[in-house]
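Visitor: only geometry, no sequence info:
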Ligand code: NDP
Ligand code: 8X3
């Protein structure tokens, strides 16, 4: 490939932190062009500047809130022509809010999780997948969670949103079969990112406790899995990957020392 314009394009939601940022870095290192999205403009611009400094015209920052359907449609509908051939979409943007029994939970928290983790993922997928179908190739990678495989105490609505991602991934795989589009879920266990800080509304001490007593995954570990599933031969599709720390069996069993 002579021109950067010929390099494959990946779009990652929630690229301003954690798993999404690590995925962007992993693919950029491998020579892909990356569309980096999220709400925090300063972080998007800083990451794009850094990557474009290493390899000119290799990163495109697109600010969007996945909960806002019109904003998603507008932002992705207005991509420059040379960025429209998205080969891989990583639906990663997501969050948990709160950790309490359902009966003590807050409706605002439930709405934020459902709007981001499920409806936002649907909006972005709808904006990207028709192009893949028209081109006859593409790959959607949804970041689920062990929380979507097994519910855990006080996880209620977060677990429900991730179970929905699990079910939607299977359904999308069926709908896109004839179009030759790959669909994969990567469902991680405990990964030390900003996830728990967001869950506990910035309480860093509480967030740190989540990852104490065992060695959690890093965002880079998960990015390596996403890169692996996205770079297999065209006839090979991994449908579902559950990846946990060695000390974790599932949502409910972590060997903490
Ligand atoms: P982080 O909090 O580090 O990153 C979350 C990312 O999502 C940020 O880039 C944030 O960007 C983005 N985001 C959140 N809300 C929105 C929104 N409304 N619109 C656009 N972007 C949004 O957490 P992680 O990296 O850990 O989380 C990434 C994904 O991985 C999530 O879906 C999470 O559920 C999942 N996951 C995490 C695990 C963990 O243990 N950490 C385990 C299993 C799954 P910004 O705020 O700039 O918009
Ligand atoms: C994030 C993992 O166990 O904190 O999805 O819900 S967990």
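Guide: Sure, I can see it. None of these values were measured; they are calculated from a predicted model. Ligands and ions are numbered 1, 2, ... in the order given.

Visitor: Tell me where the stretch 101-250 of the chain has strands.
Guide: All strands of the stretch 101-250 of the chain, identified by DSSP state E, counting those that start in this stretch, fall at 139-143, 182-188, 240-243, 248-250.

Visitor: Make JSON lines from these and add distance to residue 233 to it.
Guide: C-beta coordinates here come from the backbone N, C-alpha and C atoms, glycine included. What follows is the strands of the stretch 101-250 of the chain, written out as JSON lines (distance: least, C-beta to C-beta, whole Å):
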{"stretch": "strand 139-143", "distance to residue 233": "12"}
{"stretch": "strand 182-188", "distance to residue 233": "11"}
{"stretch": "strand 240-243", "distance to residue 233": "17"}
{"stretch": "strand 248-250", "distance to residue 233": "31"}
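
Visitor: Let me have those in TSV, extended by distance to ligand 2, mean neighbour count and mean pLDDT.
Guide: Output for the strands of the stretch 101-250 of the chain, formatted as TSV (distance: least, C-beta to the nearest ligand atom, whole Å; neighbours: other C-beta atoms under 10 Å; pLDDT from 0 to 100):
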stretch	distance to ligand 2	mean neighbour count	mean pLDDT
strand 139-143	9	25	99
strand 182-188	7	25	99
strand 240-243	11	16	98
strand 248-250	8	16	98
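
Visitor: Of all the ones you listed, which one is nearest residue 166?
Guide: Closest to residue 166 of these, according to C-beta to C-beta: strand 182-188, at 6.2 Å.

Visitor: That closest one: how far from the chain's middle?
Guide: Offset of strand 182-188 from its chain centre (C-alpha atoms, centre = their mean, to the nearest Å): 10 Å.

Visitor: what's it packed up against?
Guide: Other elements packing on strand 182-188 under the criterion 3 or more C-beta pairs under 8 Å, 6 or more residues apart in numbering; DSSP states H and E are strand 139-143, helix 156-175, helix 219-230, strand 240-243.
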